[in-house]
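> I'd like to go over a predicted model; first the sequence, then the structure.
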Amino acid sequence: MSSFRLVDDVQSPDETQTNELTIKKLITESHTTARSKGWWDEEVNIGEKIALMHSELSEALEEYRSHGEKKLYKGPDGKPEGFIFELADTIIRIADLCGQLDLNLEKALQIKMEFNQTRPYRHGNKKI
């Protein structure tokens with residue numbers, strides 16, 4: 001992936017940007033990067049990969065508790081930090097695993113989103 005630019009509003013896409021990130025590209029780039037950094041050199045336990053996804057969500061929660069959802073900053077090593085970046089890390093880990101297992105995440109998302117539209121209001125009377 002190209003180098004990043006820390007901006008005030010990561011949530012708003014830059015309309016002049018032509019290098020659009022598709023789900024397929026996300027999976028390919030995430031997995032290629034993970035492979036190149038040695039994260040697939042040895043046999044990997046899928047349960048551990050899922051736990052790492054969960055840990056990224058826990059890091060997002062901590063960022064939210066400490067800084068809210070909008071604060072963006074760079075760590076001492078220049079790493080982009082903040083709630084949105086921890087959410088991004090979660091998605092990158094999911095995409096990497098889909099790349100390794102050759103899973104069609106885009107199709108699964110389409111199917112699941114279509115199904116969710118058919119569900120009743122607050123199905124199961126869930127509170128959250």
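It's in.
> Please make it C-alpha for all contacts and neighbour counts, starting now.
Noted.
> Longest helix of this protein, counting residues only.
Counting residues, the longest helix found in the chain (DSSP state H) is helix 46-67.
> Check which helices and strands that one sits against.
Taking 3 or more CA pairs under 8 Å, 6 or more residues apart in numbering; DSSP states H and E as contact, the helices and strands that helix 46-67 lies on are helix 83-101.
> which residues sit against the helix it packs on?
Here helix 83-101 makes contact (CA atoms under 8 Å, 6 or more residues apart in numbering) with 10, 26-28, 30-32, 34, 49, 52-54, 56-57, 59-61, 63-64, 67-72, 104-105.
> Please repeat the previous calculation with a cut-off of 7 Å.
26-28, 30-31, 34, 53, 56-57, 59-60, 63-64, 69, 105 (CA atoms under 7 Å, 6 or more residues apart in numbering).
> Relative to residue 117, how far out is the most centrally placed residue in the chain?
Among the residues of the chain, residue 91 comes closest to the average C-alpha position under CA atoms, centre = their mean, at 1.6 Å. For residue 91, the distance to residue 117 (CA to CA, to the nearest Å) stands at 22 Å.
> out of the contacts of helix 83-101, who's nearest residue 113?
residue 105 (11.9 Å; CA to CA).
> that older thread, quick check: of the contacts of helix 83-101, which has the highest neighbour count?
Highest neighbour count within the contacts of helix 83-101, by other CA atoms under 10 Å: residue 27, with 27 neighbours.
> Tell me, how many residues neighbour the nearest residue to it once chain neighbours are set aside?
Nearest residue to residue 27 in three dimensions, chain neighbours excluded: residue 95, at 4.5 Å (CA to CA, 6 or more residues apart in numbering). Residues near residue 95, counting by other CA under 10 Å, number 24.
> now the chain, which segments are flagged as low pLDDT?
Within the chain, the stretches with pLDDT under 70 are 1-18, 128.
> doesn't residue 110 fall inside a helix?
Yes. Applying DSSP: H, G, I helix; E, B strand; the rest coil, one finds residue 110 inside a helix.
> That one: what's it in contact with?
By CA under 7 Å, 6+ apart, residue 110 has no neighbours at all.
> Now do it against residue 119, distance only.
Using CA to CA, residue 110 is found at 15 Å from residue 119.
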